[in-house]
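# structure, please.
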Amino acid sequence: MTIRTSHRRRAAALAAALASAALLLAGCATSGAAAPTSSSAAGGVYRIPITDPGGDIDPLTAADYNAMLLTGLASEGLISLDAKGDLVPRLATSWKPSADGLTWTVALRKGADFNDGTPVTAKDVVATFDAITAKDSKSPGKSSFDGILSSVAVGTDDESVVFTLARPFSDFPRLLTGANTAILPAGYTPGGWLKHPVGAGQFVLDKFTPGQGATFSKNPKYWDAKDIKLSGVELKVYADTQAELLAFQAGEIDRIDQSSEVAAAVKASDYNEVSSGYNKFDGIFLNVTAAPFDDPKVRQAVAWAIDRPGLVKNVYGGNAVVANDTTYFPDYPLQPQGLDQRQKDTAKVAELLGGKTVSFDITTDNKLYGEVLQQQLNAVKGFKVGLKVLTSEQYYADGADSPWLSAPLTITNWAVRAPSQYISLIFTSGAAWNASHYSNPELEATSAAYDKATDKTERQKLVNEIAATQWKDLAVIVPTFAKAKVLQNKRVHGQFPGALDFYTGYSFKGITITG
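Below is the predicted model:
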């Protein structure tokens, strides 16, 4: 499930059993098909901290962020997003819908090769998406295409691919930028990637050692190799934040996530502070079918009791902005209009609760967020709130009674997606990840109309209607949108083309190292 953020400290989905991972990682050293270039060449080596990858290390099935990074450096998708959220051609050079919006024809880049020297063809693209969307697929990327993509076929000229949709979806190209959509050779068998790390990406995996990290060299066969200045990338494993912080201070790694702990330990002016875009929201999911949240006034009271600037400061260390209970990220091209901004209002809470006290527990795997929210709510008259902090394995356990899907109030993070995907995944009756147990046929119809519409004015009108329903019904409270922000060693020059945590694609174009 690619439902949660690609942040380095969080799994992007449920990890596979650690025992299976240990077996998979045995033997650890691997070699890429392309000859490595010297790490002392112009451009230098960029060093990134990670935690030991959990679950599969495979482009198709990787769910843990660290595993995605490891596979993503050597892989390439059809399209990526830049830091502003605009589409960028990669293995695809153009994409065009049919008049009825039910097919998209994607033209492929000529001369692109995998790192073993074989060309990237339309058959490879078809095979990759067939594997992602297969009924028995274990790819977290499958959820992005469920109910949208019907089939994929080679185009008439063998240099294009035709995606046939189940319904019009004007944001379809954005789905091609998601996790697990890197193109692999036709006939690729999931599970064997570490033994033969094939891909069409900017780097080649030279060696991976569990508990230590991985080294990559520049891929000389990459289609845009001339613009990749680095000679390599190194991933270094650290057991905890403190070890990572010490390594950053010692100059062993080139970046570290900005946090209050980091801010207290280092002098920011000694480094470059780098930020790019918004990467997630932590949604507060309220089970609308169970007490006390079957009462809309209680849901509204919770929303008006939250100190949103306090969350920005105390949970995100300032690396977030206040949100208004809709799923429209601040850098989406279209923004909701006409909604009052919710803020802490104890008088309104008292009016909504009518003098009664409501009791409930917060259930989450995010200890800090849970503690801050609990303190905020208990400071407002009318709430008696407990806290259940679970491990990620407990929180996202399989089964219908999984805590994140069944507890009355949960906090779950969601990565950036196409706007209407949030409707189909968390606001729709029968959706597998509808933790609020909410449904609204009118909202679903409005969202379907948005997917079909191409006129900007019409789409803006529909965005306003969707956002107004989310704001009023409050199945999910969205108090903040988080940013990706790091401190970076000053030996690094250039600006990353995409998001800092690479959830929109892996690109080091223009990045160089000195010293």
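# only C-alpha atoms from now on, for both contacts and neighbour counts.
Noted.
# Y450 touches E465, doesn't it?
No. Counting by CA atoms under 8 Å, Y450 sits too far from E465 to count as a contact (10.1 Å).
# more crowded one of the two?
Shown here are Y450 and E465; by other CA atoms under 10 Å, Y450 has more neighbours (24 against 18).
# and the host helix or strand of that one, what does it pack against?
Assigned by DSSP states H and E, Y450 belongs to helix 441-452. Under the contact criterion of 3 or more CA pairs under 8 Å, 6 or more residues apart in numbering; DSSP states H and E, helix 441-452 touches helix 421-426, helix 456-473.
# show residues contacting the longest one.
Meaning helix 456-473. 296, 324-328, 334-339, 443, 446-447, 449-450, 453, 476 (CA atoms under 8 Å, 6 or more residues apart in numbering).
# and for K356, the neighbour number?
K356, neighbours per other CA under 10 Å, totals 10.
# Three-state assignment for it, please.
Three-state assignment for K356 (DSSP: H, G, I helix; E, B strand; the rest coil): coil.
# now do the same contact list for the closest residue to it other than its chain neighbours.
Excluding its sequence neighbours, the residue lying closest to K356 (CA to CA, 6 or more residues apart in numbering) is G382, at 6.1 Å. Contacts for G382 (CA under 8 Å, 6+ apart) come out as 350, 353, 355-358.
# which one of the helices and strands packed on helix 441-452 is the most hemmed in?
Per residue and on average, the most neighbours among the helices and strands packed on helix 441-452 fall to helix 421-426, with a mean of 20 (mean count of other CA atoms under 10 Å).
# helices or strands up against that helix?
The contact analysis (3+ CA pairs under 8 Å, 6+ apart) places helix 421-426 against helix 441-452.
# can you give me the offset of the helix it packs on from its chain's centre?
Helix 441-452 has its C-alpha centroid displaced from the chain centroid by 24 Å (CA atoms, centre = their mean, to the nearest Å).
# relative orientation of it and helix 456-473 in degrees?
Computed by axes from the mean of the first three to the mean of the last three CA atoms, to 10 degrees, the angle separating helix 441-452 from helix 456-473 equals 150 degrees.
# CA atoms of helix 441-452 as CSV?
Output of helix 441-452 as CSV, limited to C-alpha atoms (Å, rounded to 0.1, in the frame of the first residue of the first chain):
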residue,chain,number,x,y,z
PRO,A,441,-22.6,9.3,-3.3
GLU,A,442,-22.9,13.0,-4.2
LEU,A,443,-19.2,13.5,-3.3
GLU,A,444,-18.2,10.5,-5.4
ALA,A,445,-20.3,11.8,-8.4
THR,A,446,-18.7,15.2,-8.1
SER,A,447,-15.2,13.7,-8.0
ALA,A,448,-16.0,11.6,-11.1
ALA,A,449,-17.1,14.7,-12.9
TYR,A,450,-13.8,16.4,-11.9
ASP,A,451,-11.8,13.5,-13.3
LYS,A,452,-13.6,13.8,-16.6
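# what does that helix contact?
Contacts of helix 441-452 with the rest of the structure, by CA under 8 Å, 6+ apart, involve 101, 167-171, 420, 423-424, 428, 458-459, 462-463, 465-466, 469.
# and for stretch 308-318?
258-260, 319-323, 343-344, 368-369, 372-373, 479-480, 482.
# quick check: phi and psi on the residue lying closest to D325 once chain neighbours are set aside?
Excluding the flanking residues, the one nearest D325 by CA to CA, 6+ apart is V478, at 4.1 Å. Backbone torsions for V478, taken as degrees, to the nearest 10, come to phi -120, psi 90.
# next: L175.
Main-chain dihedrals, L175, degrees, to the nearest 10: phi -70, psi -20.
# correct me, but it touches A418?
Yes. Contact criterion CA under 8 Å: L175 and A418 qualify, at 7.0 Å.
# doesn't A303 belong to a helix?
Yes. Assigned with three-state DSSP, A303 falls within a helix.
# count the neighbours of it for me.
26.
# what of D455?
Applying other CA under 10 Å, I find that D455 has 9 neighbouring residues.
# so how far is L462 from it?
11 Å (CA to CA, to the nearest Å).
# sorry, back to before: out of the helices and strands packed on helix 441-452, which gets nearest to W414?
Proximity to W414 (CA to CA) singles out helix 421-426 among the helices and strands packed on helix 441-452, at 9.1 Å.
# list the contacts of the closest one.
Taking CA under 8 Å, 6+ apart as the rule, helix 421-426 contacts 144, 327, 431-436, 444, 447.
# wait, F383 touches V358, no?
Yes. F383 is within contact range of V358, at 5.2 Å (criterion: CA under 8 Å).
# the more surrounded of the two?
F383 (22 against 15).
# where does the stretch 351-500 of the chain dip in pLDDT?
In the predicted model, the stretch 351-500 of the chain carries no residue with pLDDT under 70.
# try 90
Across the stretch 351-500 of the chain, residues meeting the criterion (pLDDT under 90) sit at 392-393, 398-401, 415-418, 421, 424-425, 429-432, 483-485, 497-500.
# got CSV for the helices and strands packed on helix 441-452, with distance to P309 too?
CSV is the format used below for those (distance: least, CA to CA, whole Å):
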stretch, distance to P309
helix 421-426, 24
helix 456-473, 18
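# can I get stretch 229-248 as CSV, trimmed to CA atoms?
The C-alpha coordinates for stretch 229-248 follow below in CSV (Å, rounded to 0.1, in the frame of the first residue of the first chain):
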residue,chain,number,x,y,z
LYS,A,229,27.6,15.3,-12.9
LEU,A,230,28.0,13.1,-9.8
SER,A,231,30.2,10.1,-10.1
GLY,A,232,28.1,8.2,-7.6
VAL,A,233,25.8,8.0,-4.6
GLU,A,234,26.3,6.3,-1.3
LEU,A,235,23.6,5.2,1.2
LYS,A,236,24.8,4.8,4.8
VAL,A,237,22.8,2.9,7.4
TYR,A,238,22.4,4.5,10.9
ALA,A,239,20.6,2.8,13.7
ASP,A,240,18.9,6.0,15.1
THR,A,241,18.6,9.7,14.8
GLN,A,242,21.4,10.4,17.3
ALA,A,243,23.9,8.3,15.3
GLU,A,244,22.9,10.0,12.1
LEU,A,245,23.3,13.4,13.7
LEU,A,246,26.8,12.6,14.9
ALA,A,247,27.7,11.4,11.4
PHE,A,248,26.3,14.6,9.9
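# any idea of the mean pLDDT in that stretch?
For stretch 229-248, the mean pLDDT works out to 95.
# so where do the helices sit in the stretch 101-250 of the chain?
Counting by DSSP state H, counting those that start in this stretch, the segments of the stretch 101-250 of the chain that form helices are 122-133, 142-145, 172-175, 241-249.
# name the residues that touch the longest one?
So the one you mean is helix 122-133. Under CA under 8 Å, 6+ apart, the answer for helix 122-133 is 60, 108, 137-139, 141-142, 145-146, 151-155, 158-161, 180-187.
# swap in stretch 388-396?
Residues outside stretch 388-396 that contact it (CA under 8 Å, 6+ apart): 14-15, 361-367, 370, 402-404.
# ok, now stretch 170-181?
By CA under 8 Å, 6+ apart, stretch 170-181 touches 2, 59-62, 68, 77-81, 87, 95, 101, 128-129, 132, 139-141, 144-145, 417-418, 451-454, 503-505.
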